[in-house]
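Engineer: heads up, no residue letters with this:
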C-alpha cells in the first residue's frame, strides 16, 4: 500500500496541540552514549514512528520517556508536565501507557485479569476497603471487569478472556499487552515493536487496529522494524542512528531521505512500500 | 463467590473436630489445635507477603515476638506504687487494670486491650520503618536483611530484663474479648478458646481472601509477575509492597498477642530464627500463593510439632521439609499434579 | 582508655575479624562460581571445629585438624552433589531456602552427634594461661595462630586462583559461565570444587579459633550472618576487600564492648549489615553500576 501523508485523522482531537515534547535528551550508560541530543515532538491525534537500525537507541528512548530509565541530559514534557526522571508509575498515571518489546505479562493471571490490572489508575479501592470488601469496591471491580472485556473485544481476543495470558499464542499475548495498556485510558500510547514476531496477515491486522485506537482519541508513538507497517500507519517518522536523530519528517519524505536510504541500503524492508 | 466456597467446609470441619474430640474423650487435642490456629494466623499473613507480593521475610518471628512480648510485658509489669503523671493519665483513661496477685498484694497493670493495641501499633510502626529500606532489596539481600532484623529482636528479648531475658514472661492475664469471653489457657475454657481461635483465624483469612480478590490483590500478583510491567500501568510497586509487609507484620503481631494470652506467657525462642524459618517452610509447603494451602499446612505441621511427634528432630523435620519441597515440588505439595490435571480437565471441557 | 587496653581490643578485633573474613571468602568462592549465597557457610566452620575436637581423642592435634578439614570438605561436596548439582536454573528464592534447609540439617545433625555441650580444642602452643606481651598488652599465643593461619589461607587461595590451572578454570567459570563451558571447562565439577574449598577453609578457620571461642552445635548462624555482613561490606565476590572489611567489623565489635553491653555485640554487626544494605548494597568499595549488572 503506498504511503499517503495527506491522510487526516478523523479523531476528535486538536491537531495542533503538542502532547509530547522531547528536548535534547541524552542517556549515557557508563562509557556508552546510548542517546545524544534527541529532540522531537508528538502532536495530539498523531501516529508517530521512531525507526532506526538495531542499537540505534530506540528502546532506550522509550524507556526514558516511560520512566523506566532516567535520561542523563535533556528534558521530556508530557501534556505540559516535566516527566523526565519521574518514576514509571507516576508517568503512567498522567496518561502515558506503554507495551514492551519482549512481552511482559503476569504469570498465573488470566487475560481478563491482566487487563484489569491496567485499570489501576482508573480505580481507587485501597488496602482497607479491599480487606473489608466494601460494596463500592465490588461495583468498581465489576466496572473494571466489563471494561477489560470490552478492550479484549477491541483487540479481538475476547474468546480467550479466561485463559492464562502466558499460555496464549504469541500474537495474542501482544494483544493482551495492548489491551492492558489501553485499560489505563491513556492519552499517549507507546508501542515498542508491536509487529515483532507477527506474520504478514497479523501485521496488517495490527495496522488496522492501531488506526482504530488512534481514531478513539489515543495518540500513538511506536518503535518498529517492519517498514510496511510504519509507512502504512504513521503520520510522521523520526529516524535514529547511533543514538542521534538524523531525520524527522513525513513518510514520503523519509523514503527519499538520502541518509536514511544509506542506513537502510540492503534492507529490503525499505523498498517494501 | 467461588473463593468463599471453602468457608462453610471450614466451619463444618472445625465443629466436627470439636465434636469428635468430645465423643472420643480426646479433648486435650484442642489445646494444640488452638495454638496451631494462632500460628496459622501468622502463616497466612506471611503467605500474602511471600506468595502474592513475592517478597521473602526471614524475620516474621520477630514481629510475632514484638506483639507477644509487648502485650505480655505491659500486662504483667506491676505499676502499683508507681506514681507519676503518665500513670495517673492512663488510669483516668481507664487503660489500667487493677487486681491482686497470688499473694493478695495489689497489682496494677496496663489493661490487656490497651496493651494489645500498643503491641500491634509498635509492630506496624517497626514494619513501616524498616520496610521502606528493606523492601528496596531483592534476592539474597532481602533474605539476609530480614534475617538480621529477626536476630536483633531475638537478642533484644534475650538481653532485656524488662522482657524477662532467657526466662521470658509468665503469668500473663487473659485477654477479654466480650463479656464472659476471654482468650485464656484456663482448663475450663478450652472448648470456648478453641472456637475463639478458629473464629479469629477464619476472620483473618476472610479479610485476606477479600484482599486477594480485589484491585489490590491483582496489583500484588502483578508485582510478583513483573514489577516493571506493573509500574507501567500505574501501580506504585514500592508502596504496595510496603503496605503488604506492614499488613503481614500486623498479622504476625496479632498472632503473638493472642497466643501469649492463651499460653499465659512467652519465651525468647518464639522470636528466634528457627521459628521464622519454620513459617517460611510452611508457606512453601502450602504452595506459596495459596492461602488455603498455607492454612492447612500451618495447622497440620504445627499440630504435629506441638504434639511432640517429631521429638528432638523437630527443627530437623522442618529443615528437611524445606529442602524436599524446594527440590521436588517448588509449587507446594498440594499442586503436585493436581492443579495441572484440573486445568487440563477444565480446558478439555471448555473447548467442547 | 590506656594504650595497653587499646592494643588488647585491637588484637581481639583482628582475631575475630580474620575469622569473619574467612567465612566471607567462603561465601565469595561459592557466590562467584554459582551466584548462590550459601547460608550453610557458618555450619562448615562449626563442623570443622567439632570434628577436630572429636578426632583429637584418637589423633595428635595436627592430624585431627587435617582430618576435620578433609571431613568437612567431603560434607561440602556431598551438599553440592545432593542438593545443588542437578537443579536446572533455580530461582534465587529456591536456592536461599535450600541452603537454609541444609544449614538446619547440619546443625541438627551436630546436635545429635555432639549434644548441646560447649567444647574447645586445646591451645596449639602453650595453654590457656600462657601469654606473650605485645607493646605492653598480654595476649594468648593462639591469637597469633589465628591471624597467621588466616593470612596463609588468603595468600594460598590467591596463588591457587592465579597460578594453578584448576584455579584459573574456576575464575573463568566465575567470570563467564557460558564461555567457560564453551572452552571445555566442566563447570559442574568447578561448582563442587568451590563448595569443597569453601568448606575446607571454613573448617580450618573453625579449628584455629576454637581454643579461644569454644565451639557449640549452633555457633554457625551467628558466624554466617557476620561473614555475610563482611562479604557485603567488601562487595559480594571481592575477596581482597572482604579481608579488609572483616578486620574492620572485628575491630568495631571489639571496641563496642567498651560502650555497649556484651549481649548486644551481635546486634552491632547486624545493625551495620542493615545500614550497609540500605545505603551501599554494592559494598564499600563496589561500584553502583557494576552491582546493578549482577543477577539480583
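Structural biologist: Arrived safely. Predicted, not measured: the structure shown is a model, and the values here were computed from it. Numbering: from 1, shown residues only, chains lettered A, B, ... in the order given.

Engineer: burial of the residue of the stretch 151-273 of chain A found nearest chain C, as a residue count?
Structural biologist: Proximity of the stretch 151-273 of chain A to chain C (CB to the nearest CB) peaks at residue A:166, 16.4 Å away. Glycine gets a C-beta too; all of them are placed from N, C-alpha and C. By other CB atoms under 10 Å in any protein chain shown, 17 other residues sit near residue A:166.

Engineer: what do you get for residue B:270?
Structural biologist: Neighbours of residue B:270 under the rule other CB under 10 Å: 20.

Engineer: What is the three-state secondary structure of it?
Structural biologist: With DSSP: H, G, I helix; E, B strand; the rest coil as the basis, residue B:270 sits in helix.

Engineer: so who does it touch?
Structural biologist: When the contact criterion is CB atoms under 8 Å, 6 or more residues apart in numbering or on different chains, the partners of residue B:270 are B:61, B:64-65, B:68, B:168, B:256, B:259.

Engineer: Please list the residues outside stretch B:12-23 that contact it.
Structural biologist: B:26-27, B:29-30, B:33, B:191, B:194-195, B:198, B:202.

Engineer: Tell me where the stretch 1-150 of chain C is predicted with low confidence.
Structural biologist: Low-confidence segments of the stretch 1-150 of chain C (pLDDT under 70): C:1, C:128.

Engineer: For residue B:230, which non-adjacent residue is closest in space?
Structural biologist: Spatial nearest neighbour of residue B:230, chain neighbours left out: residue B:222 (4.1 Å); criterion: CB to CB, 6 or more residues apart in numbering or on different chains.

Engineer: Need the three-state assignment for the one you found.
Structural biologist: Three-state assignment for residue B:222 (three-state DSSP): helix.

Engineer: I figured it hits residue A:117, correct?
Structural biologist: Yes. Using CB atoms under 8 Å, residue B:222 is in contact with residue A:117, at 4.5 Å.

Engineer: Spit out the residues that contact these two alike.
Structural biologist: Any residue near both residue B:222 and residue A:117 by CB under 8 Å, 6+ apart counts here, and that gives A:106, A:109, B:230, B:233, B:235.

Engineer: Tell me the spacing between the closest residue to the fourth one other than its chain neighbours and residue B:219.
Structural biologist: Going back to what we said before, that points to residue B:233. Excluding the flanking residues, the one nearest residue B:233 by CB to CB, 6+ apart is residue A:118, at 4.5 Å. From residue A:118 across to residue B:219, the span is 11 Å (CB to CB, to the nearest Å).

Engineer: Tell me which of these two has more neighbours.
Structural biologist: The neighbour comparison of residue A:118 against residue B:219 (other CB under 10 Å) goes to residue A:118, with 32 against 25.

Engineer: Now do the contacts for the more buried one.
Structural biologist: Here residue A:118 is in contact with A:97, A:148, A:179-184, B:233 (criterion: CB under 8 Å, 6+ apart).

Engineer: make it 10 Å
Structural biologist: Contact analysis of residue A:118 by CB atoms under 10 Å, 6 or more residues apart in numbering or on different chains lists A:92, A:97, A:144, A:147-148, A:151, A:176-186, B:218, B:222, B:229, B:232-235.

Engineer: What subset of those is buried?
Structural biologist: By neighbour count, with 16 or more other CB atoms under 10 Å in any protein chain shown, the contacts of residue A:118 hold A:92, A:97, A:144, A:147-148, A:151, A:176-184, A:186, B:218, B:222, B:229, B:232-235 as buried.

Engineer: circling back: now for the residue nearest to residue B:230: which residues touch it?
Structural biologist: Neighbour list for residue B:222: A:105-106, A:109, A:113-114, A:116-118, A:120, A:180, B:229-233, B:235, B:237, B:240 [criterion: CB under 10 Å, 6+ apart].

Engineer: So what's the residue count around residue 149?
Structural biologist: In the absence of a named chain, chain A is used. Residue A:149 has 17 neighbouring residues, counting by other CB under 10 Å.

Engineer: You answered for a different chain; I wanted chain C.
Structural biologist: When counting by other CB under 10 Å, one arrives at 21 neighbours for residue C:149.

Engineer: Can you tell me the closest non-neighbouring residue to it?
Structural biologist: Excluding the flanking residues, the one nearest residue C:149 by CB to CB, 6+ apart is residue C:208, at 4.6 Å.

Engineer: Would you mind pointing out the helix or strand that neighbour falls in?
Structural biologist: Per DSSP states H and E: residue C:208 is located in helix C:187-213.

Engineer: between whichever helix or strand comes after that helix and helix C:187-213, how big is the angle?
Structural biologist: As assigned by DSSP H and E, the chain's next helix or strand after helix C:187-213 is helix C:220-234. Counting by axes from the mean of the first three to the mean of the last three CA atoms, to 10 degrees, helix C:220-234 lies at 110 degrees to helix C:187-213.

Engineer: Which positions in helix C:220-234 come out as buried?
Structural biologist: Across helix C:220-234, burial judged by 16+ other CB under 10 Å covers C:220-234.

Engineer: chain center to it, what's the gap?
Structural biologist: 8 Å (CA atoms, centre = their mean, to the nearest Å).

Engineer: Please give me every residue in contact with residue C:116.
Structural biologist: By CB under 10 Å, 6+ apart, residue C:116 lies in contact with C:110, C:216-218.

Engineer: now, which of the residues you listed sits nearest residue A:134?
Structural biologist: Distance ranking of the contacts of residue C:116 against residue A:134, using CB to CB, places residue C:218 first at 48.4 Å.

Engineer: quick revisit: so which of the contacts of residue A:118 are in strands?
Structural biologist: residue A:97 (DSSP state E).

Engineer: Could you measure from the residue nearest to residue B:233 over to residue A:184?
Structural biologist: 5 Å.

Engineer: Overlap in contacts, the two.
Structural biologist: Common neighbours of residue A:118 and residue A:184 (CB under 10 Å, 6+ apart) are A:92, A:97, B:232-234.
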